[in-house]
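**Student:** Quick one, what's the 3D model for this:
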Amino acid sequence: MAVVHGQRTEDSFGGHFSFDEDAASEDISLDGLDEELEEHKNYDVLISILANGEKQRDRATLVEGNLGHVEQDLIQEYVEDSDNLVLLHDQIHDCDIILSQIGSLITGFQVHIGSISSELRSLQERSLDISVRLKNRKLVETKLAKFVEEIVAPPGLVTVIIDGEVNDGYVKNLEILSKKLRFSQVDPMINASKSLKDIKPELERLLQKALSKVSDYLTEIFFSMRKPGTNIQILQQNLVQKYRYLILFLREHGSKVYTDVCAAYADTMNKVLSAHFQVYIEALEKSKLDIGVSSDLTGYDTSIIDLIPRGREHLRNHHFMFSLGERASILKEIDRPGLVPHISEVNPVKYPYEVIFRSLQKLLMDTASSEYLFIKAFFGEESLFYQVFEGPFEVIDKHLDHTLQYCHDAVCLMLMICITRKHQLVMLNRRLSCLDTYLDKAVIYLWPRFKTVFDMYLQSLYQCDAKILWVDGSHPHHIVRCYVELTAALIQLNAECGDGQLDMNLERLRVAVDNLLGRLAENFANPRTQHLFLLNNYDMTISVLKEAGDEANKLQRYFEEKLESNMVSFVDELLMEHFKDLIKFVRSRVSEDLILYTECPNIADVEPIVKNFAVTWKTALELMHNEVVTSCSNLLSGMAILRAAMAQLLNDYNRLSECVKIIPGGSTLNRNLVSITSISYEMRKYSITL
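**Tutor:** Prediction:
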């Protein structure tokens with residue numbers, strides 16, 4: 001033990017203190033000395049060596065001796081404690097055995113706990129499985145209960161469907177039945193279930209009974225609409241509309257029955273409305289219709305030439321067919337309530353046909369609007385509307401075909417076109433398209449008839465015999481006035497509702513009227529009377545066109561130019577009638593500027609003219625005034641003509657007076673010259689009188 005301890009001490013210090021080596025040798029390395037000294041600074045031996053400066057060898061011997069003693073002491077102590085160590089060893093061995101046994105117990109417990117954990121997991125899995133199965137069973141139970149509830153028809157439902165009366169309660173039971181029928185069709189798996197197959201025949205029989213009962217009920221209501229005096233709209237709103245679900249039920253579960261019911265309604269309403277319109281039209285036809293016929297067209301057919309001698313009286317009685325007048329007010333009354341009289345209120349009075357047409361078309365429009373809204377709300381089938389109105393459309397078209405072939409009133413036909421276009425706007429404002437096709441067809445039908453009648457008008461103007469129609473007198477001709485008023489009427493209506501188709505035809509009518517005026521004027525032997533006749537007719541034409549508004553401005557300017565041209569010619573003829581010598585001399589011998597002369601005048605040329613004028617001029621002015629006043633149909637136009645004639649006379653006489661002053665010996669005629677002031681004064685008197 002001492003040896004071992006000494007060895008350890010030597011190992012600790014011998015590495016750094018070699019007694020065989022020279023301490024002063026330069027080969028000794030001192031690297032790391034500071035760290036080792038620091039590490040062993042608490043060792044008593046080292047402290048002593050460093051403090052006393054003893055030699056290493058002596059100190060080592062001392063240390064070795066001490067270590068030996070220490071070792072002996074330790075061995076002695078070890079021997080003394082060996083029994084205790086043996087006992088301790090035995091105790092440690094016993095502890096190892098006990099610990100080994102405890103470890104075995106713990107291992108067994110751990111295995112047991114593991115088996116308990118497995119059982120717990122198994123129980124947990126079983127619990128989860130049971131919970132899922134319970135949930136599934138509850139879900140199945142719920143679905144099964146719903147399934148049973150949905151497919152099984154309760155006795156109360158069966159009783160109501162089979163024996164019940166159709167009312168609000170019946171409708172509710174139909175909704176329940178519809179829900180059961182719809183349930184079996186949603187899911188293919190449900191539809192394929194055996195339980196449903198068992199009960200489905202019963203549901204089908206119940207359905208057929210419901211379809212039959214609903215169909216009979218609706219058909220009975222529809223047939224009740226055929227009874228005379230039935231207010232169909234009230235019946236639709238208060239009863240039929242109330243049971244709209246009935247038709248929805250038929251459409252969903254019985255397409256064939258639904259089709260039959262729709263057909264029954266369409267057939268019923270077709271007959272009812274057709275009869276209604278037929279009776280209404282027959283009542284209208286009993287009225288004394290004021291409708292223009294072919295005999296009203298002057299000179300249209302030689303077979304009715306007997307019209308001509310009584311033309312003025314006849315056209316006065318049928319003046320309405322050429323004039324618009326109050327007839328235009330019908331366009332302002334469109335869609336105003338109370339315009340369609342009931343059949344019982346249609347009196348046998350005289351109506352222009354456009355009034356009848358407006359009433360008939362408005363009755364159609366109001367009836368169609370009501371029926372369209374009902375069909376769309378109740379059946380949801382817009383096509384059914386056209387089946388219902390197939391008959392009424394046919395009745396109205398037949399009436400129009402029969403009536404319009406005898407109608408030769410162009411204003412009436414144009415008014416009918418405008419009425420139809422106004423009704424199209426009314427339906428557009430109502431946002432209903434049910435009559436779009438029919439109204440378009442009506443316009444397309446009316447235009448060709450209008451153009452046919454219009455061409456007859458033109459033909460009548462060209463074919464008429466102007467010599468037979470001629471009336472001795474310069475006042476406006478009644479035939480010309482009729483056609484001018486027709487022009488003004490068509491211009492107004494074209495501006496109201498036209499679409500550009502009339503413009504060229506109105507120009508053709510203008511040419512025809514102008515041609516007739518020329519042919520009528522040729523019957524006057526006197527050119528002055530011809531011009532006066534044309535002036536009066538042109539003036540009348542302008543007055544009528546002014547009433548047509550701005551749309552007639554172009555045509556009005558044309559006749560104003562014709563009026564001005566004929567006024568110049570008439571004034572010349574009038575002056576030539578009363579101042580022939582003066583006019584011929586001045587216009588043949590003297591220029592306007594009094595400078596040029598075609599032939600140098602002398603006193604003998606002008607003396608008779610001056611003296612004759614001085615004697616006759618006042619009488620001639622009075623005659624001119626009287627002729628203009630009695631011949632001109634328009635006083636304002638007569639005033640303009642008289643002023644133009646007097647102004648021209650004053651100008652011509654002034655040229656004569658200036659000529660007299662410059663010819664040799666002309667001063668001898670000064671006492672015979674009438675002063676311009678006197679002539680002007682006299683002319684002003686006539687102007688004021690007129």
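
**Student:** Who are the contact partners of residue 466?
**Tutor:** For residue 466, the contacting residues are 516, 519-520, 522-523, by CB atoms under 8 Å, 6 or more residues apart in numbering. For every residue, glycine as well, the C-beta is placed using N, CA and C.

**Student:** Separate out the buried members of these.
**Tutor:** In these, burial by neighbour count holds for 516, 519-520, counting by 16 or more other CB atoms under 10 Å.

**Student:** could those go into JSON lines alongside secondary structure and distance to residue 210?
**Tutor:** Shown next, in JSON lines, are the buried ones among the contacts of residue 466 (DSSP: H, G, I helix; E, B strand; the rest coil; distance: CB to CB, whole Å):
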{"residue": "516", "secondary structure": "helix", "distance to residue 210": "78"}
{"residue": "519", "secondary structure": "helix", "distance to residue 210": "83"}
{"residue": "520", "secondary structure": "helix", "distance to residue 210": "83"}
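
**Student:** could I get the residues you listed as a markdown table with pLDDT?
**Tutor:** A markdown table is the format used below for the buried ones among the contacts of residue 466 (pLDDT from 0 to 100):
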| residue | pLDDT |
| --- | --- |
| 516 | 86 |
| 519 | 87 |
| 520 | 86 |
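
**Student:** Follow the chain on from the host helix or strand of residue 64 and name the next helix or strand.
**Tutor:** Using DSSP states H and E, residue 64 maps to helix 56-80. Counting by DSSP H and E, the next helix or strand C-terminal to helix 56-80 is helix 82-151.

**Student:** circling back to that earlier point, now find how far off-centre the helix holding residue 64 is within its chain.
**Tutor:** Put simply, helix 56-80 sits 127 Å off its chain's centre (CA atoms, centre = their mean, to the nearest Å).

**Student:** What are the boundaries of the helices in the stretch 251-400 of the chain?
**Tutor:** Here the stretch 251-400 of the chain has its helices, by DSSP state H, counting those that start in this stretch, at 255-285, 311-317, 353-378, 383-388, 390-404.

**Student:** which of these is buried the deepest?
**Tutor:** Mean neighbour count (mean count of other CB atoms under 10 Å) peaks for helix 353-378 among the helices of the stretch 251-400 of the chain, with a mean of 20.

**Student:** Okay, angle between it and helix 390-404 too, please.
**Tutor:** Per axes from the mean of the first three to the mean of the last three CA atoms, to 10 degrees, the angle that helix 353-378 makes with helix 390-404 is 170 degrees.

**Student:** Return the distance of helix 353-378 from the chain's centre.
**Tutor:** Using CA atoms, centre = their mean, the mean C-alpha position of helix 353-378 is found 21 Å from that of the whole chain.

**Student:** again, but for stretch 127-146
**Tutor:** Using CA atoms, centre = their mean, the offset of stretch 127-146 from its chain centre is 58 Å.

**Student:** Just the C-alpha atoms of that stretch, please, in CSV.
**Tutor:** Taking Å, rounded to 0.1, in the frame of the first residue of the first chain, the C-alpha atoms of stretch 127-146 are listed here in CSV:
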residue,chain,number,x,y,z
SER,A,127,-67.7,1.9,-27.1
LEU,A,128,-67.0,3.9,-30.2
ASP,A,129,-68.4,1.2,-32.5
ILE,A,130,-71.5,1.0,-30.3
SER,A,131,-71.9,4.8,-30.4
VAL,A,132,-71.6,4.9,-34.2
ARG,A,133,-74.0,2.0,-34.6
LEU,A,134,-76.4,3.8,-32.3
LYS,A,135,-76.1,7.0,-34.3
ASN,A,136,-76.6,5.1,-37.5
ARG,A,137,-79.6,3.4,-36.1
LYS,A,138,-81.1,6.7,-35.0
LEU,A,139,-80.4,8.2,-38.4
VAL,A,140,-81.9,5.1,-40.1
GLU,A,141,-84.8,5.4,-37.7
THR,A,142,-85.3,9.1,-38.6
LYS,A,143,-85.0,8.5,-42.3
LEU,A,144,-87.2,5.4,-42.1
ALA,A,145,-89.8,7.4,-40.1
LYS,A,146,-89.7,10.2,-42.7
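
**Student:** quick revisit: in JSON lines: the helices of the stretch 251-400 of the chain, plus distance to residue 572.
**Tutor:** Compiled in JSON lines, the helices of the stretch 251-400 of the chain are given as follows (distance: least, CB to CB, whole Å):
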{"stretch": "helix 255-285", "distance to residue 572": "58"}
{"stretch": "helix 311-317", "distance to residue 572": "32"}
{"stretch": "helix 353-378", "distance to residue 572": "47"}
{"stretch": "helix 383-388", "distance to residue 572": "70"}
{"stretch": "helix 390-404", "distance to residue 572": "51"}
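
**Student:** comparing these, which gets the lowest mean pLDDT score?
**Tutor:** For these, mean pLDDT drops lowest on helix 311-317, to a mean of 40.

**Student:** Residues contacting stretch 211-231, please?
**Tutor:** If you take CB under 8 Å, 6+ apart as the criterion, stretch 211-231 is touched by 161, 166, 174, 232, 235, 239-240, 243, 246-247, 249-250, 253-254, 257, 260-261, 264-265, 268-269, 271-272.

**Student:** Using CSV, write out the CA atom coordinates for it.
**Tutor:** Extracted in CSV, the C-alpha atoms of stretch 211-231 (Å, rounded to 0.1, in the frame of the first residue of the first chain):
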residue,chain,number,x,y,z
LEU,A,211,-106.6,14.3,-61.5
SER,A,212,-110.1,13.4,-62.5
LYS,A,213,-111.7,15.4,-59.8
VAL,A,214,-109.6,18.5,-60.4
SER,A,215,-110.1,18.2,-64.2
ASP,A,216,-113.9,17.9,-63.8
TYR,A,217,-114.0,20.9,-61.4
LEU,A,218,-111.9,23.2,-63.7
THR,A,219,-113.8,22.1,-66.8
GLU,A,220,-117.1,22.8,-65.1
ILE,A,221,-115.9,26.3,-64.3
PHE,A,222,-114.7,26.9,-67.8
PHE,A,223,-118.0,25.7,-69.3
SER,A,224,-119.9,28.0,-66.9
MET,A,225,-118.2,30.9,-68.7
ARG,A,226,-120.4,30.2,-71.7
LYS,A,227,-123.6,31.2,-70.0
PRO,A,228,-124.9,34.5,-71.4
GLY,A,229,-124.3,37.5,-69.2
THR,A,230,-121.4,35.9,-67.3
ASN,A,231,-118.8,38.4,-66.2
